[in-house]
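Novice: everything below, folded, please.
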Amino acid sequence: MKKNRLIAKNISIAFIVLFFFSVFTFFYVGNINRVLEYETNDIITVTIAGWIILSFLFLGIIIYILYSKANSQKTIEKVAYTDFVTGYSNWRKFELDVTNLLKKTSQNNKYAMVIFDIDKFKAINDIYGHKKGNLILKDIADTLNELTNINETFARVSADSFNILLTYNKKEDIINIIKKIMANNELVNLSFGIYEIKDKDLSVSVYSDRASLAKSSIKNNSDVNFAFFNDKLREKLLLEDKIEKEMEYALESGQFVMYLQPKYNIKLDKFCGSEALVRWQYTEKEVIYPGDFIPIFEKNGFIRKIDMYILEQACKEIRSLFDKGISPLPISVNFSRVDFFKKDFIENIVNICDRYKIPYSLIEIEITESSMFGDTDTLFNVSRNLQDIGFIVAMDDFGSGYSSVNMLKNIPLNVIKLDRGFFVDDKDVDKSQIVIKSIVSLIKQLGIRVVAEGIETRSQIEMLKKANCDIVQGYYFSKPLPIKEFEKLVYKI
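Specialist: Just a heads-up that it's a prediction; the model follows:
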């Protein structure tokens with residue numbers, strides 16, 4: 001807008017200059033006509049008239065250029081600031097608008113950042129098509145446009161995610177707006193997160209992240225549609241901040257410690273391997289568990305360093321056992337989806353194993369079931385290459401998400417680990433027995449070994465024996481142990 005006003009001002013000035021130039025020329029020509037001879041007057045008059053015409057042409061060109069520039073600027077701004085699915089603001093425009101609104105309002109005005117998205121929107125696109133999905137997004141944006149006032153703003157900021165800056169006096173005002181949004185879009189389920197802005201000097205991204213954190217706290221709760229950012233979530237943010245600030249030092253100083261949880265062959269009645277797990281020994285008495293730091297590391301990419309570090313610790317342990325004259329059992333190491341899509345992934349694994357002269361067959365590469373979705377071609381190629389080299393490839397947490405038999409058929413696997421969800425809170429034991437037995441049988445027919453995770457009771461062991469599942473892992477046999485305790489239990493040393 002400022003640029004457009006400046007261009008208009010320049011055009012006005014140009015017209016004023018032209019006006020005075022024309023008046024001056026008119027009187028100047030008149031005076032010359034009265035003084036000079038007829039022939040001379042005629043030549044001068046023609047010359048001056050020519051200059052006037054050229055001046056008009058020149059000014060016309062300038063006006064055209066300025067006008068074109070104004071239109072081009074409008075087009076550029078429209079492209080830069082418009083979400084072309086909804087026709088309203090995009091994230092960039094939203095950031096600018098929020099910053100300006102918070103600056104121009106008094107400290108007494110209360111604002112809240114609200115973020116929401118559509119539950120299972122990907123499924124809607126898959127079933128009904130992207131055209132239908134885009135219509136839903138446009139309808140939601142139209143609703144937001146009707147509900148917001150001149151001191152508020154909104155935008156679609158990503159796929160199915162919207163942000164709103166709302167004014168309010170009390171929390172009920174925000175809740176009422178949320179209820180209206182849901183009422184106008186009854187065909188979809190929406191999840192909202194709300195952050196009440198206290199400090200107006202923080203970045204828009206910070207407000208959005210805190211609202212998003214509130215939303216994520218209710219994402220798997222179908223009974224609740226919205227949540228406010230609170231002290232508990234604030235503590236989580238502080239922990240995340242502490243983790244990110246200290247993770248590099250923790251890795252360098254050896255604070256990340258490998259624990260091993262044994263695997264047991266219930267058919268042969270003996271230990272048959274282990275899974276490497278990581279603990280952060282923050283202080284002598286304080287331990288930070290994976291659930292607190294792994295999601296953060298996956299988000300910021302530090303997970304790659306941790307995964308390779310734990311692989312190296314596993315190789316060190318295997319080498320130590322060889323040096324003691326003991327035949328080591330295989331160790332499985334978890335790897336993030338992030339690792340699988342790095343070009344140097346296999347090379348790094350091979351280099352670490354070779355450094356300690358470890359047979360590849362003693363290292364089991366685990367990737368979670370959820371990581372198997374997406375770019376299956378890459379997953380297939382990496383898994384096949386790992387197998388060809390001699391590594392064991394395993395899928396962890398099978399059954400925790402949306403496993404498909406087709407996926408088992410398409411991705412090369414040596415081992416599948418059944419998620420503990422198969423074995424807990426069984427209301428109908430007979431049906432559970434049938435399901436587990438069928439799954440175990442199917443997996444074995446595909447030439448894949450089966451491991452049952454999270455086993456804690458004798459009754460679960462008996463059920464797995466009947467299902468013909470040979471290998472189990474869980475607290476029934478042992479919790480994850482420090483190296484020395486693990487060696488004492490498994491190798492009797």
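Novice: who's in contact with the residue nearest to I118 when sequence neighbours are not counted?
Specialist: In space, and not counting its chain neighbours, I118 is closest to D160: 4.3 Å by Cβ to Cβ, 6 or more residues apart in numbering. All C-beta atoms are positioned from the backbone trio N, CA, C, and that covers glycine. Counting by Cβ atoms under 8 Å, 6 or more residues apart in numbering, D160 touches 117-118, 121, 133, 137.
Novice: tell me the pLDDT of D160.
Specialist: Here, the pLDDT recorded for D160 equals 94.
Novice: cool, and F380?
Specialist: For F380, the predicted pLDDT is 86.
Novice: please apply the same query to S208.
Specialist: 96.
Novice: which SSE is it in?
Specialist: helix 204-216 (DSSP states H and E).
Novice: contacts for that helix?
Specialist: 94-95, 98-99, 113-117, 157, 163, 191-195, 197, 226-230, 233, 236-237.
Novice: one step back: filter the contacts of D160 to the buried ones?
Specialist: The neighbour-count test (16 or more other Cβ atoms under 10 Å) marks 117-118, 121, 133, 137 as buried among the contacts of D160.
Novice: and those as a markdown table, adding pLDDT, distance to N410 and secondary structure?
Specialist: Output for these, formatted as a markdown table (pLDDT from 0 to 100; distance: Cβ to Cβ, whole Å; DSSP: H, G, I helix; E, B strand; the rest coil):
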| residue | pLDDT | distance to N410 | secondary structure |
| --- | --- | --- | --- |
| D117 | 95 | 30 | strand |
| I118 | 95 | 29 | strand |
| F121 | 90 | 25 | helix |
| G133 | 93 | 27 | helix |
| L137 | 96 | 32 | helix |
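Novice: looking at these, point me to the pair that's furthest apart.
Specialist: Distances among those were taken as Cβ to Cβ; the most separated pair is D117 and G133, at 12.5 Å.
Novice: picking up where we left off before, now distance to N381 too, for the contacts of D160, in a markdown table please.
Specialist: Below are the contacts of D160 laid out as a markdown table (distance: Cβ to Cβ, whole Å):
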| residue | distance to N381 |
| --- | --- |
| D117 | 32 |
| I118 | 33 |
| F121 | 29 |
| G133 | 31 |
| L137 | 35 |
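Novice: closest to I178 out of those?
Specialist: D117 (13.1 Å).
Novice: now for the closest residue to that closest one other than its chain neighbours, how many residues are close by?
Specialist: Leaving aside its sequence neighbours, D117 sits nearest to S161 (Cβ to Cβ, 6+ apart; 4.4 Å). Neighbourhood size, S161 [other Cβ atoms under 10 Å]: 18.
Novice: what's near enough to touch S161?
Specialist: 115-117.
Novice: please redo it, this time with the cut-off set to 10 Å
Specialist: 91, 115-118, 121, 137, 155, 208, 212, 215 (Cβ atoms under 10 Å, 6 or more residues apart in numbering).
Novice: same deal with V490?
Specialist: 260, 262-264, 270-274, 321, 326, 328-329, 478, 481.
Novice: is K488 in contact with L481, as I believe?
Specialist: Yes - contact criterion Cβ atoms under 10 Å: K488 and L481 qualify, at 8.5 Å.
Novice: dihedrals phi and psi, the closest residue to L418 other than its chain neighbours?
Specialist: Of all residues not flanking L418 in the chain, A452 sits nearest, at 4.9 Å (Cβ to Cβ, 6+ apart). A452 adopts backbone torsions of phi -100, psi 130, taken as degrees, to the nearest 10.
Novice: my guess is L237 is in a helix, correct?
Specialist: Yes - under DSSP: H, G, I helix; E, B strand; the rest coil, L237 falls within a helix.
Novice: E275: neighbour count?
Specialist: Neighbours of E275 (other Cβ under 10 Å): 24.
Novice: how near is it to E462?
Specialist: 23 Å (Cβ to Cβ, to the nearest Å).
Novice: compare K488 and L481 (neighbour count), which wins?
Specialist: Set K488 next to L481 and count neighbours by other Cβ under 10 Å: L481 wins out with 18 against 12.
Novice: beta partners for that one?
Specialist: L260 (DSSP bridges).
Novice: tell me which residues touch it, please.
Specialist: Contacts of L481 (Cβ under 10 Å, 6+ apart): 259-262, 274, 277, 487-490.
Novice: would you mind putting those residues into CSV with pLDDT alongside?
Specialist: Shown next, in CSV, are the contacts of L481 (pLDDT from 0 to 100):
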residue, pLDDT
Y259, 98
L260, 98
Q261, 98
P262, 98
S274, 98
L277, 97
E487, 97
K488, 97
L489, 97
V490, 97
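Novice: just the element for K299, please.
Specialist: helix 290-300.
Novice: backbone dihedrals for the residue nearest to I118, both of them.
Specialist: Dihedral angles (degrees, to the nearest 10) for D160: phi -120, psi 20.
Novice: and if you look at I288?
Specialist: Torsion angles, degrees, to the nearest 10, at I288: phi -100, psi 130.
Novice: domains of this structure?
Specialist: 2-80, 91-229, 248-490 (automatic domain parsing).
Novice: tabulate those domains (a markdown table), appending distance to D241.
Specialist: Shown next, in a markdown table, are those (distance: least, Cβ to Cβ, whole Å):
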| stretch | distance to D241 |
| --- | --- |
| domain 2-80 | 32 |
| domain 91-229 | 12 |
| domain 248-490 | 10 |
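Novice: looking at those, which has the lowest confidence?
Specialist: domain 2-80 (a mean of 56).
Novice: what about the strands in the stretch 301-450 of the chain?
Specialist: 331-334, 363-368, 392-398, 415-418, 449-452 (DSSP state E, counting those that start in this stretch).
Novice: in TSV: those, plus distance to I178 and mean neighbour count.
Specialist: Shown next, in TSV, are these (distance: least, Cβ to Cβ, whole Å; neighbours: other Cβ atoms under 10 Å):
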stretch	distance to I178	mean neighbour count
strand 331-334	39	24
strand 363-368	34	22
strand 392-398	34	23
strand 415-418	40	25
strand 449-452	43	22
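Novice: what's the closest of these to K342?
Specialist: Nearest of the strands of the stretch 301-450 of the chain (Cβ to Cβ): strand 363-368, 13.1 Å.
Novice: partners of the strand ranked longest in the chain, with directions?
Specialist: Determined from DSSP state E, the single longest strand within the chain is strand 270-281. When pairing is defined by DSSP bridges, strand 270-281 lines up against strand 256-265 (antiparallel), strand 287-288 (antiparallel), strand 331-334 (parallel).
Novice: which of those strands sits most buried?
Specialist: strand 331-334 (a mean of 24; mean count of other Cβ atoms under 10 Å).
Novice: C-alpha coordinates for that strand, PDB please?
Specialist: Extracted as PDB, the C-alpha positions of strand 331-334 are listed here (Å, rounded to 0.1, in the frame of the first residue of the first chain):
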ATOM      1  CA  ILE A 331      22.100 -57.200  19.100                       C
ATOM      2  CA  SER A 332      19.200 -55.200  17.400                       C
ATOM      3  CA  VAL A 333      19.700 -51.500  17.000                       C
ATOM      4  CA  ASN A 334      16.800 -49.000  16.300                       C
END
